[in-house]
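**Q** pasting the sequence and the predicted coordinates here, then a few questions.
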Amino acid sequence: MTTNTASNKPDFAQLVDQFGREIFAYLFRQLAGAVETEDCLQETFLRAFRAYHRIKPDSNYRAWLYAIATNVARTHFRQRQRQGAHERPLENRDQAEGSEPAKIVESKLELARVRRAVQSLPEKQRTALILRKYQELSYAEIGEVIACSPDSARANVYQALRSLRSVLDVEGMEVGNG
Amino acid sequence: MDNLRRSASSEEARWLGDEEGELQRDELLSALDQIYLAQPAARVEAALEKTALTLEAESGRMLYYDEADAPLVGKLFLALSSAGLYALTFGGSEAAFLERLERSGRRTVIRDPGRVRPVAEKIQRYLAGVLSSIDVPVDMSGMTDFQRKVLGAVRGVPRGEYVTYGELAQRIGRPRAARAVGRALGSNPIPIVIPCHRVLAADGSLGGYSGRGGVRTKRALLHLEGAL
């Protein structure tokens, strides 16, 4: 890898070491565990590497990488929509509590409903929710990623919760039918 | 905004980070946790390894360039790879320089003053007589084997001294190849730093110089170095 002592920026490899795992986690969440998560991680860091010379030394590298990852995930979504591919969720993720079979089935149905509801959220809301709660970005950082003010970033997280509750309340009647 | 803030339940307010405190069990929030908290550790490591390899390959293809003004030769264009100084030209246009870089193939060419500046400054200071050597790594990967041999030998000619084309041919073990040596010098992609100006004709005359200003520039460089 290259060194970058001249511009007071960290070596790019350092950014991969520092943020690679959380960017993977983010893409994994955005893509619902799809097998393309790995490709999107590579694409994210490749785009970042090619643009690294344009970013100022005192920038928030973390938010910058998240913004690129968000674009990569969006492009991926659109390609998948065009190809009409089905969502490929990861196996073994629905860890149901309790051991009674009936409870497990019920819990899996609930999770499937919530997952569908999350996927149908407007992109900004879903992104803000994941960034806030599971990637632990500040509202200011989320604002940088989805191009809005910190207040608006918070409003997006809040709206995501509201939308999920209302969708699930309406759907609540149909749980038994799967 | 304030309305939204007020309307969040205290459970959600804690979830949103508005309030401190432990979260109570909430079906939606714990379902979200179940959906989002699981991560496949093995896939992460494999993906990071693959990403590092991709970046390594990309790094080998990158060239960073910029321009600088220098005494004796005027405007310089320089290009660096991750291995070192890859190309230098003076007197030509940016477009011609970029065309030359693109001809080298397999390269992503990016203007990056921050990265190029330290190298440019060394060359500027050398040409201003402040530094007595240009201590920068050189990337000779774009050259033919013969060019590498010839220009590698040229790098061994110290400041203030010179050799003839014939002597240089001998040094590389090709005593009859003086003409080919001359051609390799004429296509030196990194003049000044690889000091092809320190190679003179057998009769002590300056011979040729393919850089801008021709023999006049060659003489000025040798004069700067105290060889003349």
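**A** Okay, I see it. Computed from a predicted model, the values in this text were never measured in an experiment.
**Q** what's the weakest-modelled helix or strand in chain A?
**A** Within chain A, confidence by mean pLDDT, DSSP states H and E is lowest for helix A:101-119 among all helices and strands, at a mean of 77.
**Q** domain-wise, how is chain B divided?
**A** Domain ranges of chain B: B:61-142, B:143-228, per automatic domain parsing.
**Q** could you export those domains as TSV, including mean pLDDT?
**A** Formatted as TSV, those follow (pLDDT from 0 to 100):
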stretch	mean pLDDT
domain B:61-142	92
domain B:143-228	90
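**Q** chain A is nearest to which of those?
**A** Closest to chain A of the domains of chain B is domain B:61-142 (CB to the nearest CB; 3.5 Å). Placement of C-beta: from N, CA and C, glycine included.
**Q** now do the end-to-end distance for the closest one.
**A** Using CA to CA, to the nearest Å, one end of domain B:61-142 lies 11 Å from the other.
**Q** kindly report the same for stretch B:182-202.
**A** Taking CA to CA, stretch B:182-202 runs 12 Å from one end to the other.
**Q** in it, what counts as buried?
**A** B:182, B:184-185, B:188-200 (16 or more other CB atoms under 10 Å in any protein chain shown).
**Q** SS state for B:Asp66?
**A** Of the three states, B:Asp66 takes strand according to DSSP: H, G, I helix; E, B strand; the rest coil.
**Q** burial count for it?
**A** Neighbours of B:Asp66 under the rule other CB atoms under 10 Å in any protein chain shown: 20.
**Q** just grab the bridge partners of it for me.
**A** Beta-bridge partners recorded for B:Asp66 (DSSP bridges): B:Leu78.
**Q** most widely separated two among the buried residues of stretch B:182-202?
**A** Spatially, the most separated pair among these is B:Pro189 and B:Leu200, at 20.9 Å (CB to CB).
**Q** for chain B, see how far away the residue nearest the centre of chain A is.
**A** Most central in chain A under CA atoms, centre = their mean is A:Gln30, positioned 3.4 Å from the mean C-alpha point. Using CB to the nearest CB, to the nearest Å, A:Gln30 is found at 10 Å from chain B.
**Q** what about that residue, distance to A:Asn71?
**A** Here A:Gln30 is placed at a distance of 11 Å from A:Asn71 (CB to CB, to the nearest Å).
**Q** break chain A down into its domains, please.
**A** Using automatic domain parsing, the domain ranges for chain A come out as A:1-88, A:101-170.
**Q** tell me the contacts of the nearest residue to B:Phe90 once chain neighbours are set aside?
**A** Excluding the flanking residues, the one nearest B:Phe90 by CB to CB, 6 or more residues apart in numbering or on different chains is B:Val73, at 4.2 Å. Each residue near B:Val73 by CB atoms under 8 Å, 6 or more residues apart in numbering or on different chains is listed here: B:90-91, B:127, B:192, B:211-213, B:217.
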